[in-house]
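Asker: what follows is a protein structure lacking sequence information:
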(Lines give C-alpha, C1' and ligand atoms only; values in the text may rest on other atoms or scores of the structure.)
Protein backbone atom coordinates (compact mmCIF):
# COMPACT_ATOMS: atom_id res chain seq x y z
CA UNK A 1 0.00 0.00 0.00
CA UNK A 2 1.10 3.58 -0.70
CA UNK A 3 1.29 4.92 2.87
CA UNK A 4 2.73 8.37 2.04
CA UNK A 5 -0.43 10.06 3.31
CA UNK A 6 -0.31 8.23 6.64
CA UNK A 7 3.36 9.08 7.08
CA UNK A 8 2.58 12.75 6.47
CA UNK A 9 -0.26 12.62 9.01
CA UNK A 10 2.25 11.41 11.59
CA UNK A 11 4.79 14.07 10.68
CA UNK A 12 7.23 11.56 9.22
CA UNK A 13 9.49 12.32 6.26
CA UNK A 14 7.94 11.55 2.88
CA UNK A 15 9.37 11.35 -0.64
CA UNK A 16 6.76 13.82 -1.90
CA UNK A 17 3.76 15.75 -0.62
CA UNK A 18 0.63 13.57 -0.61
CA UNK A 19 -2.55 14.99 -2.08
CA UNK A 20 -6.26 14.36 -1.83
CA UNK A 21 -9.15 16.76 -2.37
CA UNK A 22 -12.23 17.34 -0.28
CA UNK A 23 -15.35 16.20 -2.18
CA UNK A 24 -13.02 14.46 -4.63
CA UNK A 25 -15.76 11.90 -5.34
CA UNK A 26 -18.65 13.98 -6.54
CA UNK A 27 -20.59 15.95 -9.10
CA UNK A 28 -17.64 17.30 -11.11
CA UNK A 29 -16.95 13.74 -12.30
CA UNK A 30 -19.05 12.41 -15.22
CA UNK A 31 -18.40 8.91 -13.90
CA UNK A 32 -19.95 9.84 -10.56
CA UNK A 33 -23.03 11.24 -12.30
CA UNK A 34 -23.35 7.98 -14.22
CA UNK A 35 -23.33 5.96 -10.99
CA UNK A 36 -25.67 8.46 -9.32
CA UNK A 37 -28.16 8.09 -12.17
CA UNK A 38 -27.85 4.33 -12.42
CA UNK A 39 -29.65 3.55 -9.21
CA UNK A 40 -33.14 4.67 -8.37
CA UNK A 41 -33.91 6.89 -5.43
CA UNK A 42 -32.44 9.93 -3.72
CA UNK A 43 -28.98 11.06 -2.72
CA UNK A 44 -29.63 9.46 0.66
CA UNK A 45 -30.36 6.18 -1.10
CA UNK A 46 -26.95 6.42 -2.77
CA UNK A 47 -25.27 7.03 0.60
CA UNK A 48 -26.92 3.86 1.91
CA UNK A 49 -25.80 1.67 -1.01
CA UNK A 50 -22.36 0.17 -0.15
CA UNK A 51 -21.68 -1.08 -3.68
CA UNK A 52 -22.25 2.30 -5.34
CA UNK A 53 -20.52 4.19 -2.50
CA UNK A 54 -17.49 1.97 -2.97
CA UNK A 55 -17.47 2.61 -6.71
CA UNK A 56 -17.61 6.40 -6.44
CA UNK A 57 -15.06 6.48 -3.61
CA UNK A 58 -12.58 4.63 -5.82
CA UNK A 59 -13.10 6.82 -8.90
CA UNK A 60 -10.82 9.79 -8.06
CA UNK A 61 -8.13 7.48 -6.72
CA UNK A 62 -8.11 5.51 -9.96
CA UNK A 63 -8.49 8.49 -12.31
CA UNK A 64 -6.17 11.02 -10.67
CA UNK A 65 -3.69 9.00 -8.57
CA UNK A 66 -4.83 10.51 -5.27
CA UNK A 67 -2.81 9.52 -2.23
CA UNK A 68 -5.87 8.87 -0.07
CA UNK A 69 -9.52 7.99 -0.51
CA UNK A 70 -12.29 9.51 1.56
CA UNK A 71 -15.40 7.49 2.29
CA UNK A 72 -18.32 8.62 0.14
CA UNK A 73 -21.08 9.63 2.55
CA UNK A 74 -22.53 12.78 4.12
CA UNK A 75 -21.93 14.43 7.48
CA UNK A 76 -25.66 14.35 8.24
CA UNK A 77 -26.09 10.58 7.93
CA UNK A 78 -26.06 9.97 11.74
CA UNK A 79 -28.83 12.52 12.30
CA UNK A 80 -31.51 10.21 10.89
CA UNK A 81 -30.94 7.41 13.41
CA UNK A 82 -30.92 10.07 16.13
CA UNK A 83 -34.57 10.62 15.22
CA UNK A 84 -34.47 13.47 12.69
CA UNK A 85 -36.36 13.50 9.39
CA UNK A 86 -33.73 14.36 6.76
CA UNK A 87 -34.44 15.24 3.14
CA UNK A 88 -32.20 16.55 0.36
CA UNK A 89 -33.87 19.08 -1.94
CA UNK A 90 -32.42 20.01 -5.33
CA UNK A 91 -31.11 23.56 -5.17
CA UNK A 92 -31.69 23.77 -1.42
CA UNK A 93 -29.51 21.04 0.01
CA UNK A 94 -30.30 19.23 3.25
CA UNK A 95 -33.58 19.98 5.02
CA UNK A 96 -34.75 18.87 8.46
CA UNK A 97 -38.51 19.20 8.37
CA UNK A 98 -38.86 19.44 12.17
CA UNK A 99 -35.95 21.52 13.49
CA UNK A 100 -34.81 21.34 17.11
CA UNK A 101 -36.10 24.32 19.09
CA UNK A 102 -37.30 23.04 22.49
CA UNK A 103 -36.38 20.85 25.44
CA UNK A 104 -38.93 18.30 24.24
CA UNK A 105 -37.20 18.17 20.84
CA UNK A 106 -33.82 17.51 22.43
CA UNK A 107 -35.17 14.88 24.82
CA UNK A 108 -36.69 12.99 21.87
CA UNK A 109 -33.26 12.49 20.27
CA UNK A 110 -31.60 9.12 20.83
CA UNK A 111 -27.95 8.03 20.82
CA UNK A 112 -27.93 5.29 18.15
CA UNK A 113 -25.72 2.24 17.93
CA UNK A 114 -23.81 3.04 14.70
CA UNK A 115 -23.20 -0.57 13.75
CA UNK A 116 -26.90 -1.41 14.13
CA UNK A 117 -28.38 1.74 12.58
CA UNK A 118 -25.75 2.63 9.96
CA UNK A 119 -24.39 -0.76 8.86
CA UNK A 120 -24.10 0.47 5.27
CA UNK A 121 -21.28 2.83 6.31
CA UNK A 122 -19.30 0.07 7.98
CA UNK A 123 -19.91 -2.28 5.04
CA UNK A 124 -18.64 0.37 2.60
CA UNK A 125 -15.47 0.80 4.66
CA UNK A 126 -14.85 -2.95 4.63
CA UNK A 127 -15.43 -3.18 0.87
CA UNK A 128 -13.06 -0.27 0.26
CA UNK A 129 -10.28 -1.69 2.43
CA UNK A 130 -10.36 -4.82 0.28
CA UNK A 131 -9.92 -2.73 -2.90
CA UNK A 132 -7.77 0.26 -2.01
CA UNK A 133 -4.02 0.61 -2.40
CA UNK A 134 -4.02 3.97 -0.58
CA UNK A 135 -5.31 4.81 2.92
CA UNK A 136 -9.00 5.33 3.59
CA UNK A 137 -10.29 8.40 5.43
CA UNK A 138 -13.47 8.11 7.48
CA UNK A 139 -15.22 11.24 8.67
CA UNK A 140 -17.98 12.98 10.54
CA UNK A 141 -19.32 16.45 11.02
CA UNK A 142 -18.29 18.34 14.15
CA UNK A 143 -21.00 18.73 16.79
CA UNK A 144 -21.41 22.49 16.32
CA UNK A 145 -21.76 22.19 12.55
CA UNK A 146 -24.26 19.34 12.89
CA UNK A 147 -26.22 21.32 15.47
CA UNK A 148 -26.63 24.27 13.10
CA UNK A 149 -28.46 22.06 10.62
CA UNK A 150 -30.72 20.60 13.31
CA UNK A 151 -31.55 23.99 14.83
CA UNK A 152 -31.92 25.97 11.60
CA UNK A 153 -33.64 23.15 9.72
CA UNK A 154 -31.01 23.30 6.99
CA UNK A 155 -28.38 25.71 5.69
CA UNK A 156 -28.34 29.33 6.83
CA UNK A 157 -26.66 32.65 6.16
CA UNK A 158 -26.83 34.26 9.60
CA UNK A 159 -27.53 31.25 11.87
CA UNK A 160 -30.02 33.27 13.89
CA UNK A 161 -31.77 30.35 15.60
CA UNK A 162 -28.48 28.66 16.48
CA UNK A 163 -26.99 31.74 18.08
CA UNK A 164 -30.24 32.59 19.85
CA UNK A 165 -30.19 29.16 21.48
CA UNK A 166 -26.52 29.54 22.40
CA UNK A 167 -27.01 32.94 24.00
CA UNK A 168 -30.56 32.70 25.39
CA UNK A 169 -30.83 29.01 26.29
CA UNK A 170 -27.28 27.76 26.88
CA UNK A 171 -28.39 24.77 28.96
CA UNK A 172 -30.69 23.58 26.17
CA UNK A 173 -27.89 24.14 23.67
CA UNK A 174 -25.44 22.13 25.78
CA UNK A 175 -27.89 19.24 26.15
CA UNK A 176 -28.32 19.13 22.36
CA UNK A 177 -24.59 19.33 21.70
CA UNK A 178 -23.86 16.62 24.25
CA UNK A 179 -26.22 14.22 22.50
CA UNK A 180 -24.70 15.01 19.10
CA UNK A 181 -21.21 14.60 20.60
CA UNK A 182 -22.04 11.20 22.08
CA UNK A 183 -23.49 10.05 18.76
CA UNK A 184 -20.53 11.35 16.75
CA UNK A 185 -17.97 9.81 19.08
CA UNK A 186 -19.52 6.35 18.75
CA UNK A 187 -19.89 6.80 14.98
CA UNK A 188 -16.21 7.60 14.46
CA UNK A 189 -15.12 4.79 16.77
CA UNK A 190 -17.20 2.38 14.68
CA UNK A 191 -15.57 3.66 11.47
CA UNK A 192 -12.10 3.07 12.92
CA UNK A 193 -13.15 -0.40 14.05
CA UNK A 194 -14.47 -1.16 10.54
CA UNK A 195 -11.11 -0.21 9.00
CA UNK A 196 -10.89 3.56 8.43
CA UNK A 197 -7.21 4.48 8.67
CA UNK A 198 -7.63 8.20 9.31
CA UNK A 199 -10.59 10.19 10.64
CA UNK A 200 -11.46 13.74 9.63
CA UNK A 201 -13.86 15.95 11.61
CA UNK A 202 -15.48 18.61 9.44
CA UNK A 203 -16.45 21.83 11.25
CA UNK A 204 -17.88 23.50 8.17
CA UNK A 205 -19.55 26.39 10.02
CA UNK A 206 -17.03 27.01 12.82
CA UNK A 207 -15.96 30.26 11.17
CA UNK A 208 -19.30 31.95 11.84
CA UNK A 209 -18.39 32.13 15.52
CA UNK A 210 -16.39 34.78 17.34
CA UNK A 211 -13.31 33.20 18.95
CA UNK A 212 -14.78 33.60 22.45
CA UNK A 213 -17.97 31.82 21.38
CA UNK A 214 -16.08 29.11 19.49
CA UNK A 215 -14.08 28.37 22.65
CA UNK A 216 -17.27 27.98 24.67
CA UNK A 217 -19.83 26.59 22.25
CA UNK A 218 -17.89 24.44 19.78
CA UNK A 219 -14.35 23.49 20.78
CA UNK A 220 -15.09 21.48 23.98
CA UNK A 221 -17.27 19.03 22.06
CA UNK A 222 -14.56 18.36 19.48
CA UNK A 223 -12.04 17.86 22.27
CA UNK A 224 -14.40 15.36 23.90
CA UNK A 225 -14.72 13.30 20.72
CA UNK A 226 -10.97 13.23 20.13
CA UNK A 227 -10.32 12.27 23.76
CA UNK A 228 -12.75 9.37 23.35
CA UNK A 229 -11.06 8.27 20.13
CA UNK A 230 -7.60 8.32 21.69
CA UNK A 231 -8.76 5.70 24.20
CA UNK A 232 -9.72 3.15 21.54
CA UNK A 233 -7.69 3.85 18.38
CA UNK A 234 -4.36 5.30 17.26
CA UNK A 235 -5.46 6.35 13.76
CA UNK A 236 -4.46 9.92 12.82
CA UNK A 237 -7.17 12.54 13.34
CA UNK A 238 -7.67 15.58 11.12
CA UNK A 239 -9.73 18.56 12.28
CA UNK A 240 -10.91 21.04 9.66
CA UNK A 241 -12.49 24.28 10.86
CA UNK A 242 -13.66 26.08 7.73
CA UNK A 243 -13.09 29.85 7.68
CA UNK A 244 -11.08 29.28 10.83
CA UNK A 245 -8.00 31.46 10.44
CA UNK A 246 -9.18 33.56 13.41
CA UNK A 247 -9.55 30.41 15.50
CA UNK A 248 -6.13 28.73 15.11
CA UNK A 249 -5.02 29.40 18.69
CA UNK A 250 -8.12 27.47 19.76
CA UNK A 251 -8.23 24.74 17.10
CA UNK A 252 -4.64 23.74 17.87
CA UNK A 253 -5.90 22.65 21.31
CA UNK A 254 -8.55 20.31 19.85
CA UNK A 255 -6.23 17.31 20.12
CA UNK A 256 -6.00 16.47 16.40
CA UNK A 257 -2.80 15.38 14.68
CA UNK A 258 -3.52 17.42 11.55
CA UNK A 259 -5.17 20.83 11.19
CA UNK A 260 -6.99 21.50 7.93
CA UNK A 261 -6.66 25.07 6.65
CA UNK A 262 -8.90 26.97 4.27
CA UNK A 263 -7.49 29.36 1.67
CA UNK A 264 -8.16 32.56 3.62
CA UNK A 265 -4.76 32.44 5.30
CA UNK A 266 -1.29 32.09 3.84
CA UNK A 267 -0.13 28.61 4.75
CA UNK A 268 3.34 29.82 5.77
CA UNK A 269 1.81 32.22 8.29
CA UNK A 270 -0.52 29.51 9.56
CA UNK A 271 2.38 27.08 10.07
CA UNK A 272 4.07 29.65 12.31
CA UNK A 273 0.97 29.58 14.53
CA UNK A 274 -0.08 25.91 14.68
CA UNK A 275 2.68 24.57 16.90
CA UNK A 276 3.47 20.87 16.66
CA UNK A 277 0.82 20.04 14.07
CA UNK A 278 0.82 18.70 10.56
CA UNK A 279 -1.18 20.95 8.23
CA UNK A 280 -3.54 20.14 5.39
CA UNK A 281 -4.52 22.54 2.61
CA UNK A 282 -5.02 25.08 1.35
CA UNK A 283 -5.55 26.00 -2.32
CA UNK A 284 -8.65 28.05 -3.12
CA UNK A 285 -11.02 25.61 -4.90
CA UNK A 286 -11.74 28.22 -7.58
CA UNK A 287 -8.01 28.44 -8.34
CA UNK A 288 -8.60 25.21 -10.28
CA UNK A 289 -10.10 27.46 -12.97
CA UNK A 290 -6.76 29.24 -13.52
CA UNK A 291 -4.93 28.69 -16.82
CA UNK A 292 -2.66 25.66 -16.53
CA UNK A 293 0.65 27.47 -16.09
CA UNK A 294 -0.82 29.93 -13.58
CA UNK A 295 -2.32 27.04 -11.63
CA UNK A 296 1.02 25.23 -11.56
CA UNK A 297 2.80 28.33 -10.32
CA UNK A 298 0.20 28.78 -7.58
CA UNK A 299 0.73 25.18 -6.48
CA UNK A 300 4.50 25.51 -6.62
CA UNK A 301 4.41 28.59 -4.38
CA UNK A 302 2.04 26.92 -1.92
CA UNK A 303 4.37 23.93 -1.62
CA UNK A 304 7.30 26.28 -1.07
CA UNK A 305 5.38 28.17 1.64
CA UNK A 306 4.61 24.86 3.39
CA UNK A 307 8.20 23.60 3.50
CA UNK A 308 8.71 24.42 7.19
CA UNK A 309 5.66 22.48 8.34
CA UNK A 310 6.05 19.43 10.56
CA UNK A 311 4.21 17.70 7.73
CA UNK A 312 2.04 18.84 4.83
CA UNK A 313 -0.87 17.19 3.05
CA UNK A 314 -1.91 19.09 -0.06
CA UNK A 315 -5.63 19.76 -0.35
CA UNK A 316 -8.05 22.45 -1.38
CA UNK A 317 -9.20 24.93 1.24
CA UNK A 318 -12.68 23.45 0.89
CA UNK A 319 -14.52 21.05 -1.42
CA UNK A 320 -14.04 20.92 -5.19
CA UNK A 321 -17.02 22.66 -6.83
CA UNK A 322 -19.24 20.73 -9.27
CA UNK A 323 -18.35 22.97 -12.24
CA UNK A 324 -14.62 22.15 -12.02
CA UNK A 325 -13.19 20.57 -15.21
CA UNK A 326 -11.78 17.14 -14.26
CA UNK A 327 -8.64 17.85 -16.30
CA UNK A 328 -7.81 20.68 -13.90
CA UNK A 329 -7.89 18.21 -11.02
CA UNK A 330 -5.50 15.97 -12.91
CA UNK A 331 -3.14 18.90 -13.54
CA UNK A 332 -3.24 19.77 -9.83
CA UNK A 333 -2.43 16.28 -8.56
CA UNK A 334 0.35 15.80 -11.10
CA UNK A 335 1.85 19.19 -10.27
CA UNK A 336 1.86 18.50 -6.53
CA UNK A 337 3.61 15.18 -7.07
CA UNK A 338 6.12 16.61 -9.53
CA UNK A 339 7.08 19.80 -7.70
CA UNK A 340 7.22 18.27 -4.22
CA UNK A 341 9.32 15.31 -5.38
CA UNK A 342 11.70 17.64 -7.22
CA UNK A 343 12.08 19.83 -4.12
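Answerer: Okay, I see it. Predicted model, so just to flag it, every value in this text is computed and none were measured. Numbering: from 1, shown residues only.

Asker: now the helices for the stretch 201-343 of the chain?
Answerer: 211-217, 219-232, 248-251, 267-271, 292-305, 326-342 (DSSP state H, counting those that start in this stretch).

Asker: I'd like those helices as CSV, with distance to residue 66 and mean pLDDT appended.
Answerer: Every residue, glycine included, has its C-beta placed from N, CA and C. Supplementary listing: those in CSV, determined by distance: least, C-beta to C-beta, whole Å; pLDDT from 0 to 100:
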stretch, distance to residue 66, mean pLDDT
helix 211-217, 31, 98
helix 219-232, 24, 98
helix 248-251, 25, 98
helix 267-271, 20, 98
helix 292-305, 15, 98
helix 326-342, 7, 96
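
Asker: list of residues touching stretch 212-232?
Answerer: Surrounding stretch 212-232, the residues in contact under the criterion C-beta atoms under 8 Å, 6 or more residues apart in numbering are 142-144, 166, 173, 177-178, 180-181, 184-185, 188-189, 192-193, 199, 201, 203, 206, 209, 235, 237, 239, 247, 250-251, 253-256.

Asker: what sits against the residue nearest the centre of the chain?
Answerer: Among the residues of the chain, the one closest to the centroid is residue 202, at 3.9 Å (C-alpha atoms, centre = their mean). Shown here is residue 202, whose contacts under the criterion C-beta under 8 Å, 6+ apart are 75, 139, 140, 141, 142, 145, 240, 242.

Asker: quick one: which of these is nearest residue 117?
Answerer: Nearest to residue 117, judged by C-beta to C-beta, of the contacts of residue 202 is residue 140 at 14.3 Å.

Asker: okay, that closest one and residue 173: tell me how far apart.
Answerer: The gap separating residue 140 from residue 173 is 20 Å, by C-beta to C-beta, to the nearest Å.

Asker: bridging residues for the residue nearest to the centre of the chain?
Answerer: residue 141, residue 240 (DSSP bridges).

Asker: pull out the buried positions in stretch 39-48.
Answerer: Using 16 or more other C-beta atoms under 10 Å as the test for burial, stretch 39-48 gives 44, 46, 47, 48.

Asker: next one: stretch 241-261
Answerer: Within stretch 241-261, the residues scored as buried using 16+ other C-beta under 10 Å are 241-248, 250-252, 254, 256-261.

Asker: swap in stretch 289-299?
Answerer: By 16+ other C-beta under 10 Å, the buried positions in stretch 289-299 come out as 290, 295, 296, 298, 299.

Asker: farthest pair within the contacts of residue 202?
Answerer: Maximum pairwise distance in the contacts of residue 202, criterion C-beta to C-beta, is 14.6 Å, between 140 and 242.

Asker: can you tell me how far residue 48 is from residue 18?
Answerer: 30 Å.

Asker: cool, and residue 41?
Answerer: The span separating residue 41 from residue 18 equals 35 Å under the rule C-beta to C-beta.

Asker: same deal with residue 267?
Answerer: Relative to residue 18, residue 267 is positioned 15 Å away (C-beta to C-beta).

Asker: got the phi and psi for the residue nearest to residue 281 when sequence neighbours are not counted?
Answerer: The shortest distance from residue 281 to any residue other than its chain neighbours is 3.7 Å, reached at residue 261 (C-beta to C-beta, 6 or more residues apart in numbering). The phi and psi torsions at residue 261 (degrees, to the nearest 10) take the values phi -120, psi 140.

Asker: dump the residue contacts of residue 261.
Answerer: Counting by C-beta under 8 Å, 6+ apart, residue 261 makes contact with 244, 245, 267, 270, 279, 280, 281, 282, 317.

Asker: now do 6 Å
Answerer: Each residue near residue 261 by C-beta atoms under 6 Å, 6 or more residues apart in numbering is listed here: 270, 279, 281, 282.

Asker: what about stretch 41-56, start to end distance?
Answerer: Looking at stretch 41-56, the gap from its leading to its trailing residue is 16 Å under the measure C-alpha to C-alpha, to the nearest Å.

Asker: tell me where this structure has strands.
Answerer: Shown for the chain, the strands assigned by DSSP state E span residues 69-70, 86-89, 93-96, 136-141, 198-203, 237-241, 258-260, 278-283, 312-316.

Asker: mind checking pLDDT for the closest residue to residue 117 other than its chain neighbours?
Answerer: With sequence-adjacent residues excluded and distances taken as C-beta to C-beta, 6+ apart, residue 117 is closest to residue 81, at 3.7 Å. As summarised for this prediction, residue 81 has a pLDDT of 98.
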